Structure formats: structure tokens, C-alpha cells
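Visitor: Provided below for reference: sequence and predicted model.
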Amino acid sequence: MSKKALIIGGGPAGCASVHKLNEIGGWNITLVDNANQLGAGVRTHYYGGHPYTFGPRHFITKNIEIYNYLNSIVPLRDCGDHQFLSYVEQDNNFYNFPIHMDDVRSMPDSDKILSELENASGVEHAKDFEEYWIRSIGPTLYKKIIKNYTEKMWQVSNANQIDTFKWSPKGVKIQEGPRAAFHDTLMSAYPIAKDGYNKFFDSIVDKCSVKLKTNIQSFDIPNKSVYIDDEKYTYDLIISTISPDILFNNCLGELPYIGRDIHLMVFPSEFVFPDHVYFLYYANKEKHTRLVEYKKFTQHVDKNSLIGMEVPSKNGRHYPVPMKEQMLIAREYHKLMPDGVFSLGRAGSYRYLVDIDDCIEQAFELKRIVKEGFENHHPVPIEKWQKIDDINPNLK
Ligand SMILES: Cc1cc2nc3c(=O)[nH]c(=O)nc-3n(C[C@H](O)[C@H](O)[C@H](O)COP(=O)(O)OP(=O)(O)OC[C@H]3O[C@@H](n4cnc5c(N)ncnc54)[C@H](O)[C@@H]3O)c2cc1C
């Protein structure tokens with residue numbers, strides 16, 4: 001007789017988990033999502049015929065197995081050399097991000113910055129995000145490009161409140177010589193199909209029972225049960241991809257997240273950003289963090305171009321905050337989960353660093369664990385994603 005599995009959430013982590021469980025066989029799977037479609041923010045929608053997702057969602061990975069897996073379901077195309085530019089108001093200039101020495105030399109205050117760069121040291125002793133960057137690139141460059149961006153991104157009054165930083169290696173090493181492609185050590189790709197990743201999400205539908213627009217009234221996680229429409233359902237396996245505090249009625253406190261508003265704007269021009277530039281970052285006091293020109297990824301052909309602008313907000317639980325205290329609370333929630341309950345994905349792991357590829361990788365790992373027998377598999381969730389001590393070894 002098949003065993004029963006419940007997947008909560010139909011984003012990349014939930015859908016990949018359905019696939020991977022089906023590959024094992026013998027599982028009767030139900031997926032529940034309170035939205036009316038699968039895919040969450042990675043789902044492609046249309047504005048004036050222009051395909052877009054909720055913010056950019058290109059596929060970046062180092063893992064060829066994960067790339068091949070996704071590519072076999074939604075064929076991918078390489079994104080090529082896509083560049084990021086960061087606007088610095090005080091210089092009225094766009095600079096490359098990651099920061100490049102050629103840009104530094106062209107800055108009005110380059111002498112000061114170069115001398116600070118020479119004296120920058122001791123990054124291994126950094127205790128917070130701000131120290132990490134100042135010890136890497138000096139205070140002037142940090143204030144110019146990193147500080148304001150970080151404070152609005154994480155909605156904090158001072159970036160020194162961020163006490164983890166290993167998730168932010170993007171620009172710490174200043175590039176010199178030929179400008180390296182942003183993801184020179186990674187594969188960066190986007191689905192070729194106009195509807196992006198949608199087939200990935202929708203193709204699982206015939207292999208499990210999908211309940212959309214469905215709210216779970218309450219959870220009894222120790223007994224692997226949930227209540228839907230006053231009915232109790234009990235499972236052998238629960239894979240949750242939603243925030244772990246929800247599963248336990250916030251008993252250890254509500255985990256904080258940063259939300260996002262996306263503003264869509266069509267411009268009367270085939271392309272708006274320069275060639276190869278896919279993102280513009282704004283490192284000042286303006287409210288938006290970045291702009292994306294969608295057609296650079298989607299290769300949509302049109303006389304106009306759709307730009308998406310991201311503004312941090314309280315809407316949605318999109319970004320788990322990279323603060324150790326909160327991550328430790330998330331870990332306490334994870335410890336409350338019995339054998340056979342896994343918490344995956346970005347919110348499920350409560351890790352900012354969990355991207356689309358990581359969600360899929362977690363589902364691969366889940367398959368391995370379930371196949372081997374998940375009894376006594378602790379800690380839950382998958383250990384690899386929960387080693388938070390490696391985030392900041394200087395904080396205990
Ligand atoms: C603006 C933005 C841009 C990003 N850009 C990129 C990028 O370019 N590349 C990249 O790799 N990653 C990117 N990411 C991160 C990546 O997209 C996410 O890590 C990934 O989509 C998370 O997938 P998930 O399955 O964990 O969660 P989600 O995709 O959030 O799925 C969770 C699902 O659970 C459902 N749900 C929530 N609560 C409940 C409930 N109580 N009951 C039932 N269902 C519920 C939701 O409707 C949703 O469908 C971006 C993230 C954001 C916010």
C-alpha cells in the first residue's frame with residue numbers, strides 16, 4: 001500500500017520534491033498551496049504581452065546535475081555575459097558591480113579610496129556585515145556602494161545590525177584587469193520558452209493531487225497531521241516549504257522577513273539598458289533597490305521593453321533576514337519537527353542564500369534521505385542547509 005506524503009507549497013522546492021518523490025515510487029502525494037497557481041514568484045505572467053516574473057528569476061548554479069535536471073524539463077539558454085551596474089548619486093555615475101579597479105580609479109575621490117584599500121585588512125575578525133565590508137574595501141567605497149543599499153534592502157537603520165555576511169561575497173574582492181563575467185564560476189541561464197518555468201510547475205500536476213487555493217486551518221506537526229475544512233489528514237511524510245513558525249503557531253515567535261513590491265513599466269524603446277546590462281542597482285537613499293530589463297533574460301521580441309523595479313516593503317515573506325538570532329529561532333522550530341517532517345526551500349530553511357537551484361538540490365537530497373529511510377534523520381531539515389555556524393564564525 002502507498003504511503004502518504006503532503007507537500008506544503010508549490011514553488012520550486014515543493015514542485016521539485018513532488019518530482020523526486022515520484023521517482024522513488026510508492027508515495028501517494030498531495031500538494032497544497034493557498035495560491036491559485038503553482039510557481040509562486042517564479043511563475044511567468046504577462047504585461048502588455050511581455051513575459052515577466054516577480055523580480056528577476058534567472059537560474060544560476062554551479063551544479064551540473066541540477067542544471068541538466070531543469071534543462072530536461074524546461075530547456076534553458078545561457079544568459080551570456082550579463083553585467084550589473086550600480087548608480088552612485090554623489091558621483092552621478094554608474095559603476096560595475098562587482099566593483100572594478102578601473103571604476104575606482106575613475107572616481108572623484110579615488111586617491112582617498114586607493115589609500116583606504118591599501119590599508120584595509122583583518123576581514124577575518126569582522127563581527128558584522130559593515131565591518132566585513134569596511135575591512136575589505138575601506139569606509140569610503142563601502143559608504144558609496146554598499147551601505148545604503150544594504151540598509152534599504154534589509155530595512156535596518158544601520159547595516160551593522162546585520163551580523164552575518166558570508167552570503168554576500170558578490171563584490172568583496174575588487175576586480176582588476178579584464179572584467180570577469182559576473183557569474184564566471186557559475187552557469188547562468190533562463191528558460192527558452194516564452195512562459196519561462198511554468199511547464200516545470202504544471203507538469204507535476206498529473207503525478208500528484210494538487211489542491212490550490214487551499215488553506216491549512218491548523219497544524220499538528222508532532223503527529224504529522226493537518227486540518228483542512230475541519231477535516232483531519234495524517235501523513236507518513238510532510239515536506240513543508242513555508243515558514244516554519246506557521247507550522248507551530250508562532251510558539252517561539254514570528255520569524256521576520258522583508259517583503260517586496262514590484263513595479264512594472266514599459267518603455268518606448270526596444271532596449272533601455274546598455275548591451276549586456278541586465279540589472280541596475282541603486283546604492284543611495286531612493287526607495288528602490290534594483291531594476292531589471294526582463295527581455296534581456298526572456299529574449300522577448302518587441303518594439304518596447306518591460307522594466308521591473310523592486311522596492312523593499314512589508315508585503316510578502318520573501319527574504320528571511322540574515323541575522324543570527326532569527327536563524328537560531330528558525331533552527332529551534334526545525335528541532336520541533338519529528339522524523340518524517342522536512343522543511344525545505346527559502347522560507348522553509350529560513351535562509352536568504354537558498355535560490356532556485358538550491359531548492360531543487362534540496363529536493364534531490366530529500367529523495368536520497370527518503371530512499372534510505374528517514375527515521376532518526378536529524379537534524380530536520382537537511383543538515384547541509386542548516387549549518388548556520390559557518391555563516392559567522394566570530395559570533396557565538
Ligand atoms: C524578488 C526576488 C527575486 C529573486 N530572483 C532570483 C533569481 O534571479 N535567481 C534565483 O535563483 N533565485 C531568485 N530568488 C529566490 C528564489 O526565487 C527563491 O529562493 C525560490 O523561488 C524559493 O522557492 P520555494 O519553493 O522555497 O518557495 P516559494 O517559491 O515562495 O513557494 C512557496 C509556496 O508556498 C505557498 N504558501 C505560502 N504559505 C502557504 C500556506 N500557509 N499554505 C499553503 N501554501 C502556502 C506559496 O503560495 C508558494 O507557492 C528571488 C527571490 C525574490 C523574492
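Guide: Thanks, I have it. For clarity, every value in this text was computed on a predicted model and none was experimentally measured. Numbers count the residues shown, from 1 in each chain.
Visitor: so who does the residue of the stretch 101-250 of the chain found nearest the ligand touch?
Guide: Relative to the ligand, the nearest point of the stretch 101-250 of the chain is Ile242 (4.1 Å; Cβ to the nearest ligand atom). No exception for glycine: its C-beta is placed from N, CA and C like everyone else's. With contacts defined as Cβ atoms under 8 Å, 6 or more residues apart in numbering, Ile242 is in contact with 8-9, 345, 347-348.
Visitor: now for the strand ranked longest in the chain, which elements pack on it?
Guide: Ranked by residue count, the top strand of the chain under DSSP state E comes out as strand 257-267. Helices and strands touching strand 257-267, by 3 or more Cβ pairs under 8 Å, 6 or more residues apart in numbering; DSSP states H and E, are strand 305-313, strand 319-320.
Visitor: tell me the strands beside the first one, with direction?
Guide: On the basis of DSSP bridges, the sheet neighbours of strand 305-313 come out as strand 257-267 (antiparallel), strand 290-293 (antiparallel).
Visitor: in the longest one, what's buried?
Guide: Applying a neighbour-count criterion of 16 or more other Cβ atoms under 10 Å, one finds 257-258, 260, 262 buried in strand 257-267.
Visitor: contact partners of that strand?
Guide: Under Cβ under 8 Å, 6+ apart, the answer for strand 257-267 is 47-48, 50, 52, 54-55, 153-155, 243, 288, 304-321, 347.
Visitor: equivalent analysis for the last one, please.
Guide: Taking Cβ under 8 Å, 6+ apart as the criterion, the residues outside strand 290-293 that touch it are 55-56, 271-273, 277-282, 305-310.
Visitor: give the next helix or strand downstream of it.
Guide: Using DSSP states H and E, the helix or strand that follows strand 290-293 towards the C-terminus is helix 294-298.
Visitor: packing partners of that following helix?
Guide: Short answer (3+ Cβ pairs under 8 Å, 6+ apart): helix 294-298 packs on strand 50-52, strand 277-282, strand 305-313.
Visitor: remind me which residues of this structure are low pLDDT?
Guide: The model of the chain has pLDDT under 70 over residues 167-171, 180-185, 376-396.
Visitor: and the most centrally placed residue in it, how far is that from the ligand?
Guide: In the chain, the centroid-proximal residue (Cα atoms, centre = their mean) is Asp355; its distance is 3.8 Å. Distance, Asp355 to the ligand, using Cβ to the nearest ligand atom, to the nearest Å: 3 Å.
Visitor: quick one, what contacts that residue?
Guide: Applying Cβ under 8 Å, 6+ apart, the residues near Asp355 are 60, 346.
Visitor: distance of it from Phe342?
Guide: According to Cβ to Cβ, to the nearest Å, Asp355 and Phe342 sit 18 Å apart.
Visitor: quick one, phi psi at Leu85?
Guide: Main-chain dihedrals, Leu85, degrees, to the nearest 10: phi -120, psi 150.
Visitor: and it, bridged to which residues?
Guide: According to DSSP bridges, beta-bridge pairing links Leu85 with Asn96, Leu280.
Visitor: residues near it, how many?
Guide: 19 (other Cβ atoms under 10 Å).
Visitor: verify the contact between it and Leu280 for me.
Guide: Yes - between Leu85 and Leu280 there is a contact under Cβ atoms under 8 Å: 5.4 Å.
Visitor: any residues in contact with both of the two?
Guide: In contact with both Leu85 and Leu280: 94, 273, using Cβ under 8 Å, 6+ apart.
Visitor: coming back round to it: the contacts of Ile242 also near the ligand: which ones?
Guide: By Cβ under 6 Å from any ligand atom, the members of those lying near the ligand are 8-9, 345, 347.
Visitor: JSON lines for the strands paired with strand 305-313, including distance to Asn22?
Guide: Output for these, formatted as JSON lines (distance: least, Cβ to Cβ, whole Å):
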{"stretch": "strand 257-267", "distance to Asn22": "30"}
{"stretch": "strand 290-293", "distance to Asn22": "34"}
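Visitor: and those: which comes nearest the ligand?
Guide: Here strand 257-267 is closest among the strands paired with strand 305-313 (Cβ to the nearest ligand atom), at 5.0 Å.
Visitor: distance from the closest one to the middle of the chain?
Guide: Here strand 257-267 shows a centroid-to-chain-centroid distance of 15 Å under the convention Cα atoms, centre = their mean, to the nearest Å.
Visitor: repeat that for stretch 193-202.
Guide: 18 Å.
Visitor: repeat that for stretch 27-47.
Guide: That offset, for stretch 27-47, works out to 17 Å (Cα atoms, centre = their mean).
Visitor: is any part of that stretch close to the ligand?
Guide: Yes - with Cβ under 6 Å from any ligand atom as the criterion, the ligand is reached by stretch 27-47 at 32-35, 40-42.
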